[in-house]
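Undergrad: predicted coordinates and the sequence they were generated for:
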Amino acid sequence: MTADRIRPRLSIGLPVYNGEDYLRASIDAVLGQTYTDFELILSSNASTDGTDDICREYAARDPRITFYRQERNVGAAPHHDFVLQKSRGELFKWASGDDLWARDLVARCVELLDQHPDAILAHSYTAAIDGADTVIQALEYPLHTDAPQAPERLRSMLFDGDLPGAIQADDFYGVMRTDVLRKVKPHGSFYHADQVFMAEVALHGRFLQVPDWLYFRRHHDGRALQANPTISSWSRNLDPRRSNKLVHPPARLVAEYILGYFAAVRRAPLTPAERRECNRHIRRWLTSRVTRRMPGRSKPAPIQDFGAIDTLSVHAVVAGSEGN
């Protein structure tokens with residue numbers, strides 16, 4: 001069997017659309033990992049800038065890389081599912097064309113999963129960086145997703161990360177067990193579909209965190225969250241079929257978000273008692289969101305403490321950034 005046909009242990013899927021500004025740095029950070037038993041699946045969502053040329057360049061020089069191009073913009077949600085379906089490894093990790101990883105991020109995450117077979121996801125603390133690689137936020141992970149009880153993991157995801165402006169949990173980009181990802185419903189295209197997707201994943205098992213800032217999430221005007229600030233535009237970015245506001249009004253997109261939690265609980269491998277407890281948490285969460293919008297009620301205050309930003313250096317820990 002030739003080397004390029006040997007199944008890697010880890011598959012990394014990087015779906016990208018018009019990402020030429022930061023794509024090289026992101027790919028360099030992936031290829032510079034101390035953990036090397038992986039394949040990298042690059043896919044361009046019908047990009048119109050130099051993204052395709054960058055992907056082809058890297059694929060031509062590293063046999064671990066496979067490149068695909070979508071002939072039309074299929075939307076971010078189906079695009080992320082596409083790279084998952086192309087994966088061959090027992091572990092899977094999504095990558096972003098904006099973000100950077102410390103050299104040992106993957107190695108330490110895989111080590112955690114090997115040490116804890118009951119866990120289904122491992123990640124590290126997430127720091128936010130700007131377009132110049134300057135750390136602008138570095139907060140510790142706030143969620144209790146390592147709890148052995150599924151209802152407690154869901155409760156924590158619903159309530160414990162409610163700090164406006166804070167980047168505290170980015171589990172979507174963790175190293176996950178592929179068999180679990182193939183059991184859950186694919187990422188939807190309604191409002192906050194990513195939160196419902198990760199909640200369903202968490203109902204299948206524990207998440208673990210490396211207690212160090214090894215993942216650097218880049219914030220810039222072109223990132224999907226900043227470029228699509230409304231409910232409708234966010235959902236259109238996830239799937240262009242959501243473009244018709246008469247068929248997909250904001251009220252429907254929000255309703256699908258709420259109902260998505262209940263549906264995730266129905267699908268998850270839970271006992272009847274666990275389902276009842278999860279549904280109680282969802283109802284309490286929904287009540288809290290409704291009541292705090294009533295006259296005279298205050299919302300949570302925006303973030304004031306940006307964490308250990310003066311102690312972190314991207315260039316010291318990320319492969320390919322040393323000379324920047």
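TA: Okay, I see it.
Undergrad: output the contacting helices and strands for the longest helix belonging to the chain.
TA: If you go by DSSP state H, the chain has its longest helix at helix 272-291. In terms of contacts (3 or more C-beta pairs under 8 Å, 6 or more residues apart in numbering; DSSP states H and E), helix 272-291 is packed against helix 150-159, helix 250-267. The way it works is simple: take the backbone N, C-alpha and C, and place the C-beta from them, glycine included.
Undergrad: deepest-packed of these, please.
TA: Compared across these, helix 150-159 shows the largest average neighbour count, a mean of 21 (mean count of other C-beta atoms under 10 Å).
Undergrad: tell me which element the residue lying closest to Ser11 once chain neighbours are set aside is part of?
TA: For Ser11, ignoring the flanking residues on the chain, the nearest one in space by C-beta to C-beta, 6 or more residues apart in numbering is Ser87 at 3.4 Å. Here Ser87 sits in a region with no helix or strand, counting by DSSP states H and E.
Undergrad: contacts only, for Ser87.
TA: Each residue near Ser87 by C-beta atoms under 8 Å, 6 or more residues apart in numbering is listed here: Ser11, Gly13, Glu39, Ile41, Thr178.
Undergrad: at 10 Å what do you get?
TA: Ser87 is in contact with Pro8, Leu10, Ser11, Ile12, Gly13, Glu39, Ile41, Lys93, Thr178, Leu181, Arg182, counting by C-beta atoms under 10 Å, 6 or more residues apart in numbering.
Undergrad: roughly how far apart are it and Ala147?
TA: Counting by C-beta to C-beta, to the nearest Å, the separation of Ser87 from Ala147 is 28 Å.
Undergrad: tell me the angle the longest helix of the chain makes with helix 150-159.
TA: Angle, helix 272-291 to helix 150-159, by axes from the mean of the first three to the mean of the last three C-alpha atoms, to 10 degrees: 10 degrees.
Undergrad: which other residues reach helix 272-291?
TA: Contact partners of helix 272-291, identified using C-beta under 10 Å, 6+ apart, comprise 149-159, 162, 199, 203, 258-262, 264-266, 268, 270-271, 297, 299.
Undergrad: point out the other helices and strands that the strand or helix carrying Leu112 packs with.
TA: In this assignment (DSSP H and E), Leu112 forms part of helix 105-115. Contact here means 3 or more C-beta pairs under 10 Å, 6 or more residues apart in numbering; DSSP states H and E; on that basis helix 105-115 packs against strand 10-16, helix 23-31, strand 91-94, strand 119-129, strand 175-177, strand 206-218.
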